[in-house]
Structures are given as structure tokens and as C-alpha cells.
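**Student:** Here's a sequence, model it:
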Amino acid sequence: MTVLVAAAFIAGGASSTGAATQTVVPRDCVHEAVEPHQIIITCADANFVLTGLKWSHWGRKSATGTGAAKINNCTPSCAEGHFHKYPVSVRLSSAHFCRNAGKTQFRRMRLTFTGKVPAGIKRTNSPKIACPPK
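**Tutor:** Residues are numbered from 1 along each chain as shown. Sure, this is the predicted structure:
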């Protein structure tokens, strides 16, 4: 398993500060959010999800936070596998205006496992986050 994907998307709730004036990230694989509580790394099957995210910084150009990665071991198959949690830190950056969303959103995520690293995954990964489709 490798981390992933030009279409990594984010799920969670918006903060009370309002998404209209802040940089956002896609949530639920379609909509945008500010300071999401959960990030879905694999939209197709949700076998890799960041949960319990707490943001220490959320700005126009970057955001940093910590949480846990819940990853399905897919043994013997993903349908029969079990989820395991791993502590992570997350940094969002590379804010760009997405015409389809009509908003500025983060386009890069730097995900670092801060404890044990799951088998087949690098300690630090930097997937690009695509703008949402029309």
C-alpha cells in the first residue's frame, strides 16, 4: 500500500470562522471544509482515513495538525480486514484557487507517521490534493 493519490480528499466539519474567507480542503470527496476533523485518504473504499484531527494552526497558506490514521490491513482481504490506528502529523500547503469550487484550497498534504509505521507505507508521504470536479 502506498500513499496516494492525486485525488485524496478530506471530510469533516467547518469551523465557526467560516470557509468563505479561509483556505479550504475538499471534504466528503466533493465538498470543502475548514479545519476538518477527518480526512479520507482513499475515497473509493475509505480504507485509509485520518481521524480525531486537532489543528494547531490554520492559515491562508498552510495548516498543521495531529490525529490518528485508521488503516485497514486488508488481511485476508479488505472486506475481512481490521482497522489499526497510528499517530500522525499533517501539514497542508500549496494553496491555489480552484475554479470549479470557486475557492482557494490546499493542494498538498504532508502526512508523517509519528509512531509505528504501517507495513508498506513510508513514514512521510506528500500526496497532491486535486481540485473538486465540476
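
**Student:** Only C-alpha atoms from now on, for both contacts and neighbour counts.
**Tutor:** Fine.

**Student:** okay, now K103: neighbour count?
**Tutor:** Other residues within reach of K103 by the criterion other CA atoms under 10 Å amount to 20.

**Student:** which non-adjacent residue is nearest it?
**Tutor:** Sequence neighbours aside, F97 is the residue nearest to K103 in space, at 5.6 Å (criterion: CA to CA, 6 or more residues apart in numbering).

**Student:** what do you get for G52?
**Tutor:** G67 (5.1 Å).

**Student:** Could you say which helix or strand holds that neighbour?
**Tutor:** G67 belongs to strand 63-72 when assigned by DSSP states H and E.

**Student:** Enumerate every residue touching the residue nearest to G52.
**Tutor:** Going by CA atoms under 8 Å, 6 or more residues apart in numbering, G67 touches L50, T51, G52, L53, K54, P87, V88, S89, V90.

**Student:** Tabulate those residues (CSV), appending neighbour count and secondary structure.
**Tutor:** Listed next are the contacts of G67 as CSV, based on neighbours: other CA atoms under 10 Å; DSSP: H, G, I helix; E, B strand; the rest coil:
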residue, neighbour count, secondary structure
L50, 27, strand
T51, 21, strand
G52, 15, strand
L53, 21, strand
K54, 17, strand
P87, 17, strand
V88, 22, strand
S89, 20, strand
V90, 22, strand
